[in-house]
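> show me the folded form of this:
(chains A, B, C and D, ligands or ions: 6)
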Amino acid sequence: MTKVEDLTVRLGAAAGDGIQSAGEILARILSRSGIYIYTYNGNQSVVRGGHVWFHIHAGNKPVYSMGYGIDYLVAFTQQSMDEHASEVNKGGAIIYDSSSVKPANIPEGIKAVPAELANIALKYDKYPIMKNTVSLGILAALMGIDFKIVEETIHTQFGKKKEDVALRNIQAATEGYQIGSKQERGKELTYDYSRRLPFLHSNYSFSLGAVAAGCRFYAAYPMTPASPIVHWLANHAEELGITVFLAEDEISAINAIIGASYAGARAMAGTSGGGFALMQEALGEAAMTETPIVVVDVMRAGPSTGLPTKTGQGDLNMMLGLSQDDFPRVIVAPVNANDAYSMAIRSFDISDRYQVPVIVLMDFAIGDGAYITITEDFSPAEINRGKLALQASGDMLNGTWFRRYQLTEDGVSPRSIPGTPGLMYVAKTDEHDEFGHDVSDVLAGLKSALKTREQMYEKRMKKLDYIRKEMRPPAVFGPSRVDLTLITWGSSANPAREAIERLRGKGISVNSYEFTDIFPLNQEVEGMLKQAGRLADLEGNYTGQFANYLRRETGVMIKDRMLKYNGEPIYPAEVENFVMKVLGKEVR
Amino acid sequence: MTKVEDLTVRLGAAAGDGIQSAGEILARILSRSGIYIYTYNGNQSVVRGGHVWFHIHAGNKPVYSMGYGIDYLVAFTQQSMDEHASEVNKGGAIIYDSSSVKPANIPEGIKAVPAELANIALKYDKYPIMKNTVSLGILAALMGIDFKIVEETIHTQFGKKKEDVALRNIQAATEGYQIGSKQERGKELTYDYSRRLPFLHSNYSFSLGAVAAGCRFYAAYPMTPASPIVHWLANHAEELGITVFLAEDEISAINAIIGASYAGARAMAGTSGGGFALMQEALGEAAMTETPIVVVDVMRAGPSTGLPTKTGQGDLNMMLGLSQDDFPRVIVAPVNANDAYSMAIRSFDISDRYQVPVIVLMDFAIGDGAYITITEDFSPAEINRGKLALQASGDMLNGTWFRRYQLTEDGVSPRSIPGTPGLMYVAKTDEHDEFGHDVSDVLAGLKSALKTREQMYEKRMKKLDYIRKEMRPPAVFGPSRVDLTLITWGSSANPAREAIERLRGKGISVNSYEFTDIFPLNQEVEGMLKQAGRLADLEGNYTGQFANYLRRETGVMIKDRMLKYNGEPIYPAEVENFVMKVLGKEVR
Amino acid sequence: MINLKEFESDVRPDWCPGCGDFGVLAALKDALVSLKIPPYNTVVVSGIGCSSNLPGYIRTYGFHGLHGRPVPVALGVKNSNPELTVIVTAGDGDEYGIGFNHVVHAARRNDNITVIVMDNLIYGLTTGQLSPTSREGQVTKTTPDGSVYRPLNPLSAIMGVGGTFVSRGFSGQPKHLSWIIQEAIKHRGFALVDVISPCVTWFDIYDEVKKQVFKLEDAGHNPSDMEKALQMAQTDKGLPIGIFYRREDVPSFQEMLQQQIGKNPPSKGVKTLDKDKIEQLKYEYS
Amino acid sequence: MINLKEFESDVRPDWCPGCGDFGVLAALKDALVSLKIPPYNTVVVSGIGCSSNLPGYIRTYGFHGLHGRPVPVALGVKNSNPELTVIVTAGDGDEYGIGFNHVVHAARRNDNITVIVMDNLIYGLTTGQLSPTSREGQVTKTTPDGSVYRPLNPLSAIMGVGGTFVSRGFSGQPKHLSWIIQEAIKHRGFALVDVISPCVTWFDIYDEVKKQVFKLEDAGHNPSDMEKALQMAQTDKGLPIGIFYRREDVPSFQEMLQQQIGKNPPSKGVKTLDKDKIEQLKYEYS
Ligand SMILES: Cc1ncc(C[n+]2csc(CCOP(=O)(O)OP(=O)(O)O)c2C)c(N)n1
Ligand SMILES: Cc1ncc(C[n+]2csc(CCOP(=O)(O)OP(=O)(O)O)c2C)c(N)n1
Ligand code: SF4
Ligand code: SF4
Ligand SMILES: [Mg+2]
Ligand SMILES: [Mg+2]
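Ligands and ions are numbered 1, 2, ... in the order given. Down below sits the predicted model:
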């Protein structure tokens, strides 16, 4: 037995073997033992077969990312053994299904725990699916977790299904626990069974935040890795009174939320890059009609269809260049499920108050299956619908149109909601005057209309000046005086956090600027970058889109970049190596 | 009579009055008198009514843009008089239809020429449409143009229609000419009736270039101001053997050209911003499958529906941020119809040799109705289809897939055309290996596949390194030692050219860097910008998209920017004023 | 109480004199007045095209959006607030070309909206190109040698996908058209009103249509007979107008949705979560 | 000479064991062999979905493009080189959902391609969400309480837009399916082959289908009878498979095009312009 501060578990199997659900049970067991987790879903674009894995990083204190190497590997298939055994850390253990898997590539100092997982499982069910549960039993024993928690978790997990299934699973787990108990204990954490920690992935916590913000209309066409949003909302639709519209395509989805918002609802759509590409024209529509909407892009590795179940941060350029010509938009990127909740609330708030589309960039590394322990307090939302015209004055009740696009100081005009007497107007994608009347047809080019055109353009764009003031500068993670500042945005903050901790242990002082408010940039950013010492960029795409964007906005060129584009999440060890290289230190 | 070097004519009327066709006849008359022209179509998004105008700048030497003020105004409607009279230059003349228009706002020193245009026209036809022709007769007389040319041009114009219509038009023109001849002659150019100059607008000359380059498949969904491309090609389809596919939407259009190109044809699609937004997902598809295509965006003033018949250069950001994740693309922007021809040929050439999508940015200011005299020689194209695998070696004829995505030095792999025995492959939008087999499903995330993924990503992106070397640095217009260098791209070069000439006359030395090869940037650009003296930016959008892009790419920040976003073309006088302001000189 | 004047807009239509769309506008106003639907409870949604300029010419709430996308916008409006009367007014390019997928799926779901298509067999606003309903041989700007494209029959198409109200009107008969629109609005679910609304500038078929047109009611057509409706939709003997097909036994999509998630519509104020509920959902997976 | 082996791919299908798509793959190969179409003259175009993975599993030319867009790609291929046999293989989401507009318009134009839809009433690859053909009440990941969406009937839909060949097969009867596919390929113009190809993982209806399925040929159905074809498409008495509707008197879009612009197809080499022609066109407007 070795007490550790954190450890990692990886389950490897074929798609359809139920690995994700097993991983979720383990995450639950750990959370009910007071342990902090981060999980990652190494799946493939295949429904059965292939090789998929589920990774858990668990710690006595908050963890954010993949951790270092593997401490416990569970190999259900030979491929799992072949792929992952070499990554197992000293002092780690490999549990494998000895009925089908041969030990291979096992480094020295690692305990091999063979067990006939499938065969044992077949004692309790006619399909060997409970091999997962058997392995969880073994793991729990090796990790020194109280079996009561395992039992309780299994009960919760299968609660809604037949009690019988739960009981058979518990028997299977018990048999695993017994096998594990015969082994010397391995690395273990410090458990606190009185403390149950919540966890969510960013798709779920964002959905929760959206509903908390009063989002009542969601439209989508399914697309990995954004689908968990529609699954979560559809599952809670009846309970929470949300309308979920399953559109025939993404163009329909976004136009539907624009209609819903125009008619008064807080409305949202979600998709991944390819679907977002199709939505672009309508983003311009929302901005031009000044209809508030929130649209989420859960990024995956592209380009084009790319690697649909793998991660990347390659869609920033698309958001900066949305559709034709210039119009206001807001781009935010939560770091993980912790801030995704409040980011959802903020997104609706900004969108309503400025009547602009807000785009939320998340990615697979923090989305589908990438659970993280929630340490933030999730407070109820304060609702501000922005400038609304609720009632018409008397003179509006006969014959006038509502001045929907009134020129104002901040560019935001009061809007009315259909159903309100006397405040009729036509929302327009053509250039229009304050009343929403076209200046594109019989007025276009006339001197008077040129002025109107310019004023309306300026009205829309000047919202950005006000929004800019509300945008947050990057949070600084780590010490303030450092040898190197890592520039991260959205999810790339997470591996940096872990690397920074480790580097601190090695006496190397690094911090990270965690950008979540991407566009428009807070005006302090330029100063922060210029005052910082050495900078290095960390992001999940090929060209360094964010670094390029920072150069465009601030003139600051970040030369050193760690750009990952193979579809895998960024590992803290890679960040560490990168930092060492940048600082000219020897690696390891 | 005053001999001048250049002059401008503006015809103003209601939509449906046939002003565009009148303008075209006048352009023809001038061209047949050896005069250089540039024209602009001040139309509206309305089919009848409203106020539209047609502008001609004509000179003894090449002209590029709107010229200065108005020398001859023809006002068919009161609104034309009211809108434009004040812009008429000293020594100019206003011809107006005195049966319906009252003189107003006529500055001093301008000759008013009232004529009952509509009433005269009604003598020759039951609709007053020939009022145009009457006015052309008056104009020709005032400008001192030989009536024979007018007559000849009318014959050519109506040649295909009934001879009778031509004759009645000639009668109408004659009556106009007689009226004009009674007046003192106005400004006139130096005519050379032995010289007939050709003119085209950029949509037409680009179409011509495309066909010259062997484009045999064009797909489109109509959209102003790109529609003249499909009109031109449809009109020449039978004659030139081009397949024009009128798709149900833009998504179909672009996918159809991808299919056509995959099957071996040089293929192209054209649209404007909104339609392009819808095509984006497929641009990624083309890049990922490495299918060569050319796509034209004839920009108009946005955002969203915006001002459909007005001009702007606001779609650059969209092209830089196309669709999800990073993939190679080439962006070019011809200056006007002169280089649009060869740019079409180059676009197909680059697209084929690098198997990438090439995007061509033009705009309304040089497109629909914006004719310019062609001074360039239009040479036949030399065709290089790039790396093609034409025949299978013997061992390919049984059981192997063609190695379509072979890793090569320059990232370009030989491609085979369906119908060729033994060279079968599947073009893939999923990430794939050299054979085009998916690495997205059963291989994704495996160590071996990570390598493949990285290699394929690098293969695609490294094409840009080679293309970059072929990209041209900006042409320098004007002297090399200057007080100020204007940065222009695509069409904004044209007004700069005229302003530069005028400024030279005032002793102010300015030149312009005319960027036509937008992405990737030639590597000399950074040096050129850094070595240049003072820089100022000139473009037709709100945020200075090109200047921002240059900062991103080179770090060079251009602070002084003249950004026009009201939908009107940039006038040389505005450029002149802007330059004076930047240089701290008094304006006028 | 509700009269025509209330619907009057001070914006003058910019349609060409004689354009069919004037008749459609008149008929729509007449229908709304007849049904006593207040202007502020009406939302007219359109795309881009001559026809799609209609919303500004009738003083109700309106949404003049993107080419081809009024139907999904309209669905969003309707789902957000089912009490509103939601009407789409657009062209044949908009609804049968680029936007047809939305129309088809709204029809099969039986979404409770009325879609009025001003079908002029041409792209009017973009100056006369081929549309999906253009005839074979038709000369347009994009088919200078005559079209080789087989046209779409929108009526049989919508019947084929399960549409529950399929009709055709003629802009030259605004009273009759008003009646069709009234029935369409009253209909339970999706209603298509295809209107022959000639474009006098690019494809003037007024005289021809006037000669050919006849009313289904006069011909004794029974709109519950799908088979006959299909025959009528495809006939080349005259141009029938009226209600081709209608059934009222299919619940609208909005009814179905309300059965599931209740009647408090999304537009009726935001509904936030309290701390307890948030905590419960936060712990849902642990 | 042309045998099954020539179509064999060394890439193993990654479909779940028992997936209906295996049957479709087998039938397609069989059909091509029977028709003696060489693999190199065949292009199989697909979208994204389990079903759309098919092209890699048959060694012909293939294009595995975007979700919902195989039909326009296929049209591009066919127009570029009409000598190729062009087949679309994709899912119900791909062809009846996001991509349906392309299918509809290809059908009405009578584009000469064969579209095989592996209709499993679900989105398979994305792990089991509602599709346009999902049944009312069907429990899916996006309709946990049962669907309230009225499904699309693709057969009557394509008949409604003027489709000239409308058929349905069953993956469990690959020989019969092969026959349908052969007829579809031989057909003059657009052919829809809807294939009930059950998803054993997310919506396994194999047993049910097996019980219900019967052949139209056995029932004496005459495919030239549109009225009966519509009845059969909509029947709830059993699940008919076979050719519902067929007519051979409508020229394909490609024939029409060739009449107009000749037979030298775009793919057959670039055709440049000589100096004289260029000059002539350059001076066209002056
Ligand atoms: C995405 C997109 N593609 C193309 C256009 C250009 N466009 C505007 S209106 C129109 C067609 C108009 O025809 P129709 O819908 O029949 O309306 P009509 O003018 O005939 O009433 C087109 C193609 C556009 N605005 N947006
Ligand atoms: C634009 C876009 N939207 C969504 C997706 C995600 N997606 C991939 S396959 C699919 C549906 C698959 O269902 P179906 O077409 O029926 O094929 P099946 O897997 O059932 O064979 C979806 C929604 C995508 N790839 N692209
Ligand atoms: S162009 Fe045609 S459709 Fe448009 S307004 Fe004129 S007549 Fe009507
Ligand atoms: S998920 Fe369904 S459709 Fe996909 S391969 Fe498996 S059984 Fe076939
Ligand atoms: Mg129309
Ligand atoms: Mg399916």
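> in three-state terms, label residue 193 for me.
Unless you meant another one, I'm taking chain A. The local conformation at A:Tyr193, judged by DSSP: H, G, I helix; E, B strand; the rest coil, is coil.
> chain C was what I was after
Under three-state DSSP, C:Val193 comes out as strand.
> give the phi and psi angles for C:Asn101, as a check.
phi -60, psi -40 (degrees, to the nearest 10).
> how about the residues of the stretch 251-400 of chain A near ligand 1?
The stretch 251-400 of chain A has no residues near ligand 1, with proximity defined as C-beta under 6 Å from any ligand atom. In short, each C-beta sits where N, CA and C put it, glycine included.
> now do the helices in the stretch 251-400 of chain A.
Ranges of helices in the stretch 251-400 of chain A, per DSSP state H, counting those that start in this stretch, are A:273-289, A:316-320, A:337-354.
> and those helices, which is most packed in?
helix A:273-289 (a mean of 29; mean count of other C-beta atoms under 10 Å in any protein chain shown).
> quickly check: that helix near chain C or not.
Yes: if you take C-beta under 8 Å from any C-beta of the partner chain as the test, helix A:273-289 does meet chain C, through A:281-282, A:285, A:289.
> would you map the helices across the stretch 51-200 of chain C?
Taking DSSP H, counting those that start in this stretch as the test, the helices found in the stretch 51-200 of chain C are C:70-80, C:92, C:100-109, C:154-160, C:174-186.
> deepest-packed of those, please.
helix C:70-80 comes out most buried of the helices of the stretch 51-200 of chain C by mean count of other C-beta under 10 Å, with a mean of 32.
> other SSEs contacting that helix?
Counting contacts by 3 or more C-beta pairs under 8 Å, 6 or more residues apart in numbering or on different chains; DSSP states H and E, helix C:70-80 packs against strand A:215-220, strand A:243-246, helix A:250-262, strand C:42-46, strand C:61-64, strand C:85-91, helix C:100-109, helix C:253-261.
> quick one: it to helix A:273-289, angle?
80 degrees (axes from the mean of the first three to the mean of the last three C-alpha atoms, to 10 degrees).
> mind checking if helix C:70-80 is in reach of ligand 1?
No: judged by C-beta under 6 Å from any ligand atom, helix C:70-80 stays clear of ligand 1, getting no closer than 10.3 Å.
> that helix vs strand A:215-220, what angle?
150 degrees.
> which element is the closest residue to A:Ala344 other than its chain neighbours on?
In this structure, A:Ala344 finds its nearest non-sequential neighbour in A:Gly209, 2.8 Å apart by C-beta to C-beta, 6 or more residues apart in numbering or on different chains. For A:Gly209, the element it lies in under DSSP states H and E is helix A:202-212.
> for stretch A:17-30, what is the average pLDDT?
Mean per-residue pLDDT for stretch A:17-30: 94.
> so which bits of that stretch are buried?
By 16 or more other C-beta atoms under 10 Å in any protein chain shown, the buried positions in stretch A:17-30 come out as A:17-20, A:22-30.
> between the residues you listed, which is closest to chain D?
A:Gln20 (10.4 Å; C-beta to the nearest C-beta).
> pretty sure the closest one is in contact with A:Tyr40, am I right?
No: using C-beta atoms under 8 Å, A:Gln20 is not in contact with A:Tyr40, being 10.8 Å away.
> any residues in contact with both of these two?
Common neighbours of A:Gln20 and A:Tyr40, using C-beta atoms under 8 Å, 6 or more residues apart in numbering or on different chains, are A:54, A:369.
> need the contact list for the closest residue to chain D within the stretch 151-286 of chain C.
Ranked by C-beta to the nearest C-beta, the top residue of the stretch 151-286 of chain C for proximity to chain D is C:Gly160, at 1.8 Å. Contact analysis of C:Gly160 by C-beta under 8 Å, 6+ apart lists D:153, D:156-161.
> and of these, the nearest to B:Met424?
Nearest to B:Met424 among those is D:Ile158, at 30.1 Å by C-beta to C-beta.
> who's in contact with the spatially most central residue of chain C?
Chain C has C:Val115 as the residue nearest its centroid, 1.5 Å off, counting by C-alpha atoms, centre = their mean. By C-beta under 8 Å, 6+ apart, the contact list for C:Val115 reads C:71, C:74, C:87-88, C:90, C:95, C:103, C:106, C:190-193.
> rewinding a little: neighbours around the residue nearest to A:Ala344, how many?
By the measure other C-beta atoms under 10 Å in any protein chain shown, the count of residues near A:Gly209 is 28.
> now do C:Glu248
C:Glu248, neighbours per other C-beta under 10 Å, totals 12.
> any idea how far the helix holding A:Gly209 is from the chain center?
10 Å (C-alpha atoms, centre = their mean, to the nearest Å).
> nearest to ligand 4, out of the helices and strands packed on helix C:70-80?
With C-beta to the nearest ligand atom, the closest approach to ligand 4 among these belongs to strand A:243-246: 18.7 Å.
> got the contact list for C:Ala106?
C:71, C:75, C:113, C:115, C:190.
> give me the neighbour count for the last one.
Okay, so that is C:Phe190. C:Phe190: 31 surrounding residues under other C-beta under 10 Å.
> check the gap between A:Pro520 and D:Ile180 for me.
In this view, A:Pro520 and D:Ile180 are 58 Å apart by C-beta to C-beta, to the nearest Å.
> any idea how far the closest residue to A:Asp517 other than its chain neighbours lies from ligand 5?
Leaving aside its chain neighbours, A:Asp517 sits nearest to A:Met471 (4.0 Å; criterion: C-beta to C-beta, 6+ apart). Computed as C-beta to the ion, to the nearest Å, the A:Met471 to ligand 5 distance reads 44 Å.
> quickly note the distance from A:Met471 to ligand 4.
In this view, A:Met471 and ligand 4 are 43 Å apart by C-beta to the nearest ligand atom, to the nearest Å.
> enumerate every residue touching that residue.
A:330, A:517, A:520-522.
> figure out the helix or strand that A:Pro228 lives in.
Under the criterion of DSSP H and E, A:Pro228 resides in helix A:227-235.
> so that helix versus helix A:202-212, what angle?
Calculated by the same axes, to 10 degrees, helix A:227-235 forms an angle of 40 degrees with helix A:202-212.
> output helix A:227-235 as CSV, nothing but the C-alphas.
Output of helix A:227-235 as CSV, limited to C-alpha atoms (Å, rounded to 0.1, in the frame of the first residue of the first chain):
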residue,chain,number,x,y,z
SER,A,227,-25.1,15.5,-28.4
PRO,A,228,-25.0,15.2,-24.6
ILE,A,229,-26.5,18.6,-24.4
VAL,A,230,-29.6,17.6,-26.3
HIS,A,231,-29.7,14.3,-24.4
TRP,A,232,-29.6,16.0,-21.0
LEU,A,233,-32.2,18.6,-22.0
ALA,A,234,-34.5,16.0,-23.6
ASN,A,235,-34.2,13.9,-20.4
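> quick one: it near chain C?
No: Helix A:227-235 does not reach chain C (C-beta under 8 Å from any C-beta); its nearest approach is 9.2 Å.
> do that helix and chain D come into contact?
Yes: for a cut-off given as C-beta under 8 Å from any C-beta, helix A:227-235 has contacts with chain D, namely A:227, A:230-231, A:234-235.
> rewinding a little: closest to B:Gln178 among the contacts of C:Val115?
Of all those, C:Ala90 has the smallest distance to B:Gln178: 50.4 Å, by C-beta to C-beta.
> so what's the closest one bridging to?
Counting by DSSP bridges, C:Ala90 is bridged to C:Val117.
> residues in contact with it?
Residues in contact with C:Ala90 (C-beta under 8 Å, 6+ apart) are C:46-47, C:49, C:51-52, C:70, C:99, C:115-118.
> looking at these, which one is closest to ligand 3?
C:Ser51 (6.6 Å).
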